[in-house]
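A.B. asks: quick one: sequence and predicted model below, then my questions.
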Amino acid sequence: MAERWIEHGAAMIWAILGILMGGVLKGATGAGAPILAVPALTMAFDVRFAVAVMIVPNILTNVWQAWGYRASLLERGFVVRFLAAGVLGAVVGNLLLAWLPPEALSIAVALAVLGYIGLRVLRPSFRLGYTIARRLAFPAGMLAGVLQGATGLSAPASLTFLNAMRLERPQFIATASAFFVAMMLPQVPMLIALGILDGPRFLLGFAGAAVLALGMPVGAWIGRRLPAQVFDKLILGVLGLIAVRILYLATTG
């Protein structure tokens with residue numbers, strides 16, 4: 001009995017540390033908290049518990065960042081197209097989830113992200129001009145939304161697109177946070193309808209948000225002191241972690 005309590009306590013500590021470090025990463029880059037927090041919670045409990053508990057912290061922290069960096073949002077036409085396409089894509093993705101093999105889709109996404117990282121390493125001067133990016137805002141948002149609905153992860157498309165624009169840190173955080181909020185809000189009624197998000201898990205989500213919030217100011221302090229080139233490389237590192245995790249989950253089941 002004592003061993004079970006010790007094992008459970010150790011798992012809880014790892015879960016809390018994962019959420020805390022996820023907050024540090026999010027504060028520094030504007031994204032990436034689920035990469036650390038969700039696996040930690042999954043290890044302590046299970047995937048459904050992790051997804052349900054993290055929905056509240058993800059929404060609250062992204063609203064917080066979107067509001068805090070609202071003055072750095074890109075022009076309204078770009079943001080409206082990007083976000084609206086993402087929400088529409090999420091609906092389509094949920095429909096595709098019913099008949100598309102998610103593993104194959106996940107592998108294709110991960111390989112595309114790794115390909116982009118390879119392009120940036122081989123051609124460090126590569127940049128997606130704003131005029132072209134403005135035209136691609138709707139299809140990029142649509143693709144990210146489809147991935148969110150079909151695989152539960154829009155970051156490989158959304159963060160790759162925004163990173164290719166070489167945005168300044170405040171612009172990147174403001175736009176990414178607003179996009180993530182638009183993606184996650186429709187998930188709440190869906191998780192409730194599926195019985196995954198219930199009252200206790202909803203309340204635990206606020207506890208997770210408090211832990212996440214403790215790490216974010218530390219990450220923000222670090223992020224403000226990072227040179228632009230270091231921040232860009234850090235985002236590429238986050239994308240690489242996402243791609244590797246997707247490949248791992250897709251190939252190991």
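C.D. replies: All right, it came through fine.

A.B. asks: is Ala50 in a helix, a strand, or coil?
C.D. replies: Using DSSP: H, G, I helix; E, B strand; the rest coil, the structure places Ala50 in helix.

A.B. asks: shaky segments in the stretch 151-253 of the chain?
C.D. replies: 151-153, 253 (pLDDT under 70).

A.B. asks: what about the helices in it?
C.D. replies: Ranges of helices within the stretch 151-253 of the chain are 155-164, 169-184, 187-193, 199-224, 228-252, based on DSSP state H, counting those that start in this stretch.

A.B. asks: dump those into JSON lines; add mean neighbour count and distance to Gly22 as well.
C.D. replies: To be clear about C-beta, it is placed using only N, CA and C from the backbone, and glycine gets the same treatment. Formatted as JSON lines, those follow (neighbours: other CB atoms under 10 Å; distance: least, CB to CB, whole Å):
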{"stretch": "helix 155-164", "mean neighbour count": "24", "distance to Gly22": "13"}
{"stretch": "helix 169-184", "mean neighbour count": "24", "distance to Gly22": "13"}
{"stretch": "helix 187-193", "mean neighbour count": "15", "distance to Gly22": "18"}
{"stretch": "helix 199-224", "mean neighbour count": "17", "distance to Gly22": "6"}
{"stretch": "helix 228-252", "mean neighbour count": "16", "distance to Gly22": "11"}
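
A.B. asks: minimum distance to Asn58: which of those has it?
C.D. replies: helix 169-184 (5.6 Å; CB to CB).

A.B. asks: run the angle between that closest one and helix 155-164 for me.
C.D. replies: Helix 169-184 and helix 155-164 are oriented at 150 degrees to each other (axes from the mean of the first three to the mean of the last three CA atoms, to 10 degrees).

A.B. asks: show residues contacting helix 169-184.
C.D. replies: Contacting residues not belonging to helix 169-184 are listed as 29-31, 55, 58-59, 62-63, 65-66, 69-74, 79, 82-83, 86-87, 90, 141, 144-145, 148, 154, 158-159, 162-163, 167, 223-224, 226, 228, 231, 235 [CB atoms under 8 Å, 6 or more residues apart in numbering].

A.B. asks: buried ones among those residues?
C.D. replies: Among the contacts of helix 169-184, those buried by neighbour count (16 or more other CB atoms under 10 Å) are 29-31, 55, 58-59, 62-63, 65-66, 69, 73-74, 79, 82-83, 86-87, 90, 141, 144-145, 148, 154, 158-159, 162-163, 167, 223, 231, 235.

A.B. asks: of the residues you listed, which belong to helices?
C.D. replies: For the buried ones among the contacts of helix 169-184, the ones inside helices are 29, 55, 58-59, 62-63, 65-66, 79, 82-83, 86-87, 90, 141, 144-145, 148, 158-159, 162-163, 223, 231, 235, with DSSP state H as the criterion.

A.B. asks: how close does the closest residue to Thr61 other than its chain neighbours get to Ala15?
C.D. replies: Once flanking residues are discounted, Thr61 sits nearest to Leu212: 5.6 Å by CB to CB, 6 or more residues apart in numbering. Distance, Leu212 to Ala15, by CB to CB, to the nearest Å: 12 Å.
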